[in-house]
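Participant: Structure for the following, please:
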Amino acid sequence: MAELSRGAGTSRVLSVEEEDEQDHNALILYTSGTTGPPKGVVHTHGSLKAQVNTLCRAWNWSQDDVILHALPLHHTHGLVNALLCPLTVGARVEDAAPFKAERVWDRLLRGVGAAETARIHGGEILPCGSGQDLEGARAPPSSPSLTPVTVFMGVPTMYSRLLAALPADLACRAPYADAARGLRLAVTGSATCPRPVLEAWERLAGAPLLERYGLTETGMVLGQPLSQRGRGGVGVPFDGMEVRVEGAGELLVRGKQLFKEYWKQPQATADSFDDRGFFKTGDTVTLRDGWFSIAGRTSVDIVKSGGFKISALDVENALLEHPHVRECAVFGVPDEILGESIVALLALQPAAAASTEVASLRGLQAWAQPRLARYQIPREVIYVDAVPRNAMGKVNKKALKAEYATRHKHCTT
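Facilitator: Below is the predicted model:
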């Protein structure tokens, strides 16, 4: 694990030396390509300045922070949120990429002086109290303590894997709980975090994950205030962001954080804004008492079936409540009668694949009946070893829809 930077001096915000430099191109980030071909998103020095300064204030970044960085740097989450923000205020960034749950736990535990108790050696977590060594090597008598990590940011899959790496024996989890509780801020994003993961992390850490929403084109748009973490949804607009909800619930945003253009795609750039300069996010939201929740990408996460508009994310959260469902992706495929039929792609826990009631379509439907409205219950189920994801933990539902609409794999009993 390498330390990238330890800034000196007092907390500060990002500045651009010359006013006219704010409109100069600073970098190009590419969209994830989960709903269409990737596009080059051009950000200026001014848009990056706005993004960084907003997050530094909202998340109380300071030079005393230490972030364990395990995210890719070719996305906003890893580059802006988790790297430029801490470097701007002079905080310390420690590189932990590529992500590995055991390595992250190792560093977190050493920060609270609990590595020896947890019996970590050679990057592998050993059974609590086992006295077991690796391949005949002797574990060191003690593990060196390090500066405590105060911030961690990850995609939902990372938190899921961190939880899965915990010792099976509940009595052995105390050091891990201490390590998780040592974080002043743990952020999840880039994809919707399943409710079971949110609940399990809060039980372990004693504090909820902070959820936020943003896009490559916009930076962070919505976020839970630090004082209201765990309330559900993605919170309220960050300072400086104007938001509108149009039509059937599409979120539109405007502000200094927004990108300049799609690289060499002037028509796509023009089409992505309305006549008032608001960017069309392509995401459907719900708004209640000033608090936003994401229903999903309008093009792939909103299933139009039998006259109903169904959030695939709501169905996924319900199915993930079953302890034998490890991963889930829900999407719609064309149906002559309903318009779209709901399909669930499931990865089950290995030991449960043959015995659980959700190992068949009829069993899944019966289990889901008390938890979902009738029109939300999947009509097809496909079992896989793992749900395919990109580097940021996102599922390419556009590709899944195209693949399974043509393959017609109907898995029943």
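Participant: Report how many residues lie close to residue 51.
Facilitator: 27 (other CB atoms under 10 Å). Glycine gets a C-beta too; all of them are placed from N, C-alpha and C.
Participant: what about it, which SS state?
Facilitator: helix (DSSP: H, G, I helix; E, B strand; the rest coil).
Participant: give the contact list for it.
Facilitator: When the contact criterion is CB atoms under 8 Å, 6 or more residues apart in numbering, the partners of residue 51 are 76, 80, 84, 219-220, 257.
Participant: okay, it: pLDDT?
Facilitator: According to the per-residue confidence, residue 51 scores 97 in pLDDT.
Participant: go on, residue 76?
Facilitator: Reading off the confidence values, residue 76 has pLDDT 95.
Participant: That one contacts residue 27, correct?
Facilitator: No: under the contact definition of CB atoms under 8 Å, residue 76 does not touch residue 27, with a separation of 10.4 Å.
Participant: Just name the closest of the contacts of residue 51 to residue 292, please.
Facilitator: Nearest to residue 292 among the contacts of residue 51: residue 220, at 12.5 Å, using CB to CB.
Participant: what's around the closest one, how many residues?
Facilitator: As a burial measure, residue 220 scores 25 neighbours (other CB under 10 Å).
Participant: Give me the more crowded residue out of residue 76 and residue 27.
Facilitator: Regarding residue 76 and residue 27, a neighbour count based on other CB under 10 Å identifies residue 76 as having more, with 25 against 14.
Participant: Not counting sequence-adjacent ones, nearest residue to that one?
Facilitator: Beyond its immediate neighbours in the sequence, the residue positioned closest to residue 76 (CB to CB, 6 or more residues apart in numbering) is residue 216, lying 5.5 Å away.
Participant: which residues touch the one you found?
Facilitator: Contacts for residue 216 were tallied using CB under 8 Å, 6+ apart; they are 29-32, 41, 75-76, 259.
Participant: Show me which of those residues is closest to residue 227.
Facilitator: Relative to residue 227, and with distances defined as CB to CB, the nearest of the contacts of residue 216 is residue 76, at 24.4 Å.
Participant: OK, contacts around that closest one?
Facilitator: Counted by CB under 8 Å, 6+ apart, residue 76 has contacts 29, 51, 214-216, 219-220.
Participant: Please report phi then psi for residue 363.
Facilitator: Per-residue torsions, residue 363: phi -70, psi -40 (degrees, to the nearest 10).
Participant: how about the closest residue to it other than its chain neighbours, what does it touch?
Facilitator: Nearest non-adjacent residue to residue 363, counting by CB to CB, 6+ apart: residue 357, 4.0 Å away. For residue 357, the contacting residues are 363-364, 366-367, by CB under 8 Å, 6+ apart.
Participant: Out of those, grab the one that's most surrounded.
Facilitator: Counting neighbours by other CB under 10 Å, residue 364 comes out on top of these with 22 neighbours.
Participant: Which residue comes closest to that residue once chain neighbours are left out?
Facilitator: Nearest residue to residue 364, sequence neighbours excluded (CB to CB, 6+ apart): residue 358, at 4.5 Å.
Participant: measure the one you found to residue 347 for me?
Facilitator: 11 Å (CB to CB, to the nearest Å).
Participant: circling back: mind pulling the model confidence for the residue nearest to residue 76?
Facilitator: 96.
Participant: any idea how far it is from residue 53?
Facilitator: As for residue 216, its distance to residue 53 is 19 Å (criterion: CB to CB).
Participant: Just the helices from the stretch 301-413 of the chain, written as ranges.
Facilitator: With DSSP state H, counting those that start in this stretch applied, the stretch 301-413 of the chain shows helices at 312-319, 361-368, 397-407, listed in chain order.
Participant: Tell me the buried residues in the helix or strand containing residue 108?
Facilitator: Assigning secondary structure by DSSP states H and E places residue 108 in helix 101-111. Within helix 101-111, the residues that count as buried by 16 or more other CB atoms under 10 Å are 101, 103-111.
Participant: do stretch 324-336 as well
Facilitator: Of the residues in stretch 324-336, 324-333 count as buried by neighbour count, 16+ other CB under 10 Å.
Participant: do the same with stretch 231-242
Facilitator: Judged by neighbour count (16+ other CB under 10 Å), stretch 231-242 contains these buried residues: 233-238, 241.
Participant: avg pLDDT for that stretch?
Facilitator: Stretch 231-242 shows a mean pLDDT of 95.
Participant: end to end, how far does it reach?
Facilitator: Across stretch 231-242, the straight-line distance between its terminal residues is 22 Å, by CA to CA, to the nearest Å.
Participant: what's that stretch in contact with?
Facilitator: Contacts made with stretch 231-242 from outside it, assessed by CB under 8 Å, 6+ apart, are listed as 50, 54-55, 57-58, 211-213, 218, 220-225, 228, 243, 253-257, 278, 290-294.
Participant: Adding mean pLDDT and distance to residue 64, write the helices of the stretch 301-413 of the chain out as CSV.
Facilitator: Shown next, in CSV, are the helices of the stretch 301-413 of the chain (pLDDT from 0 to 100; distance: least, CB to CB, whole Å):
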stretch, mean pLDDT, distance to residue 64
helix 312-319, 92, 36
helix 361-368, 93, 47
helix 397-407, 81, 41
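Participant: Quick one: closest of those to residue 384.
Facilitator: Of those, the one closest to residue 384 (CB to CB) turns out to be helix 397-407, at 10.2 Å.
Participant: sorry, back to before: from the contacts of residue 51, which ones fall inside strands?
Facilitator: Residues from those lying in strands, with DSSP state E as the criterion: 219-220.
Participant: would JSON lines of the contacts of residue 51 with distance to residue 36 be doable?
Facilitator: Compiled in JSON lines, those are given as follows (distance: CB to CB, whole Å):
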{"residue": "76", "distance to residue 36": "18"}
{"residue": "80", "distance to residue 36": "22"}
{"residue": "84", "distance to residue 36": "27"}
{"residue": "219", "distance to residue 36": "20"}
{"residue": "220", "distance to residue 36": "22"}
{"residue": "257", "distance to residue 36": "22"}
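Participant: Residue 183: which of the contacts of residue 51 is nearest?
Facilitator: Ranking the contacts of residue 51 by separation from residue 183, with CB to CB as the measure, puts residue 220 on top at 19.1 Å.
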